[in-house]
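In: the sequence isn't on hand, but the structure is:
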């Protein structure tokens, strides 16, 4: 499937997912499977780093709070501090180490959820529930742990709901079994704890929903940019090609020749140009019609790329019935050979005037060749002007032939050109077309 179509399909799927997320009530937030996999892959590293860093800050803060509590309030002993630190800190560091290794989502989210539930139980046991104050402090610890899981760590909703449900059950069990709390007080405390945990779950749902929405909006923006770039590339390709022949047009040629001119100037190589003109093209149009003239140009346009030798060679439509080949790193003699090959290819190709008619027209071309060194010549237009002068010499010498003219860097464009010689090379030069079987020929003899 073309890249443009893939981008369109992906963008439509993302639009649907975004629309579903906006309309979604309080339900499970997972994307479709393919999008969920992409979402996890693109956010996994940053999410693991964030959870690891926030967890590290929480570990340091927890231990500092115990020390400050001891020195300022002095309501706990060093033995209690050591017990809590010896239990909570190693468990927290273990979970943090797991998260830092950027594990899969189930291990990352699950280790934090299980670890925080374990820390919540440790705090409930450490506080105890023999009197009213420790029992209430235990409930507060449950709410703090729940806030940390749902709002600070922002675990995925399924893990938040599971972990917070377990914490709420442990907290309500502590209230219910406390000898210092009456049954009505335990019921009120449990209901408040349940409401608090429920609010945190709702907040967690909203936070994850906004995170997923933000991801979809960013993905939608990136896809729109990719689609726009793809469309611009397609439009640029269309604007750079000649619609009739499929070859690069004059605009694309001028863009490429500027780069090749600079490249040859840097390396000190020679740049050659061949201008090709269809002989008696007006007569061809008048005799066989403009549709046949168009087909003639199309077939020549298909033949010219066969004469190219390297990736940087250019075959383009120069305008009307004229074509041009630009050959970087090529001297005059090889360029003349290439021009002769093109002339020979076109002459032997034959152009049927009617698909139902066996008669065929002999179409010929004249070629003007020129070469120059960009280090010695200031503008590439001088190269084209010299090739054009050579083309006129070939036309004036009888057509269906190749003429060459060396580019004079000092000569103005309108100066009289020297006598141009044309050279027909041996007929046994290699050709890239297959010779057709002999057929009756209708030759154009218009002057």
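Out: Received it, and whenever you're ready, just let me know what you need. Note that this is a predicted model, so its numbers are computed, not measured. Numbering: from 1, shown residues only.

In: report how many residues lie close to the nearest residue to residue 313 once chain neighbours are set aside.
Out: Leaving aside its sequence neighbours, residue 313 sits nearest to residue 327 (Cβ to Cβ, 6 or more residues apart in numbering; 5.5 Å). Yep, even glycine has a C-beta here, placed from its N, CA and C like the rest. Residue 327 has 26 neighbours, counted by other Cβ atoms under 10 Å.

In: can you confirm residue 327 is in a helix?
Out: No: assessed with DSSP: H, G, I helix; E, B strand; the rest coil, residue 327 is strand; it does not lie in a helix.

In: quick one: residue 259 and residue 271, what's the gap?
Out: Distance, residue 259 to residue 271, by Cβ to Cβ, to the nearest Å: 11 Å.

In: all strands of the chain, in order?
Out: Applying DSSP state E to the chain gives strands spanning 271-278, 314-319, 322-328, 351-352, 360-362, 365-372, 402-404, 421-422, 441-443.

In: can I get these in a markdown table with mean pLDDT and distance to residue 23?
Out: As requested, those are exported to a markdown table (pLDDT from 0 to 100; distance: least, Cβ to Cβ, whole Å):
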| stretch | mean pLDDT | distance to residue 23 |
| --- | --- | --- |
| strand 271-278 | 93 | 63 |
| strand 314-319 | 89 | 54 |
| strand 322-328 | 92 | 58 |
| strand 351-352 | 70 | 63 |
| strand 360-362 | 72 | 67 |
| strand 365-372 | 93 | 66 |
| strand 402-404 | 93 | 72 |
| strand 421-422 | 37 | 77 |
| strand 441-443 | 39 | 72 |
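
In: distance to residue 251 added to those, as TSV?
Out: Converted to TSV, the strands of the chain look like this (distance: least, Cβ to Cβ, whole Å):
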stretch	distance to residue 251
strand 271-278	17
strand 314-319	10
strand 322-328	13
strand 351-352	28
strand 360-362	31
strand 365-372	22
strand 402-404	27
strand 421-422	31
strand 441-443	36
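
In: closest one to residue 155 among the ones you listed?
Out: Closest to residue 155 of the strands of the chain is strand 314-319 (Cβ to Cβ; 59.4 Å).

In: partners of the closest one, with directions?
Out: Here strand 314-319 is paired, per DSSP bridges, with strand 322-328 (antiparallel).

In: show me which residues of the partner strand are buried.
Out: 322, 323, 324, 325, 326, 327, 328 (16 or more other Cβ atoms under 10 Å).

In: ok, now stretch 188-204?
Out: So, applying 16+ other Cβ under 10 Å, buried residues of stretch 188-204: 189, 190, 193, 196, 197, 200, 201, 204.

In: out of the residues you listed, which are inside helices?
Out: Among the buried residues of stretch 188-204, the ones falling in helices (DSSP state H) are 189, 190, 193, 196, 197, 200, 201, 204.

In: which of these sits closest to residue 170?
Out: Nearest to residue 170 among these, with distances taken as Cβ to Cβ, is residue 193, at 10.0 Å.

In: ok, now which ones touch that closest one?
Out: Residues near residue 193 by Cβ atoms under 8 Å, 6 or more residues apart in numbering: 139, 142, 143, 168, 171, 172, 175.

In: ok, residue 242 next?
Out: Contact analysis of residue 242 by Cβ under 8 Å, 6+ apart lists 248, 249, 301, 316, 317.

In: so it versus residue 301, what's the distance?
Out: For residue 242, the distance to residue 301 (Cβ to Cβ) stands at 8 Å.

In: same deal with residue 95?
Out: In this view, residue 95 and residue 301 are 69 Å apart by Cβ to Cβ.

In: looking at the two, which one has more neighbours?
Out: Counted by other Cβ under 10 Å, residue 95 and residue 301 do not tie: residue 95 has more neighbours, with 24 against 18.

In: the more buried one and residue 88, how far apart?
Out: Per Cβ to Cβ, residue 95 is found 11 Å from residue 88.

In: swap in residue 361?
Out: Going from residue 361 to residue 88 by Cβ to Cβ gives 95 Å.

In: more neighbours: which of these two?
Out: More neighbours surround residue 88 than the other of residue 361 and residue 88, with 20 against 17 (other Cβ under 10 Å).

In: contacting residues for the more buried one?
Out: For residue 88, the contacting residues are 62, 119, 122, 123, by Cβ under 8 Å, 6+ apart.
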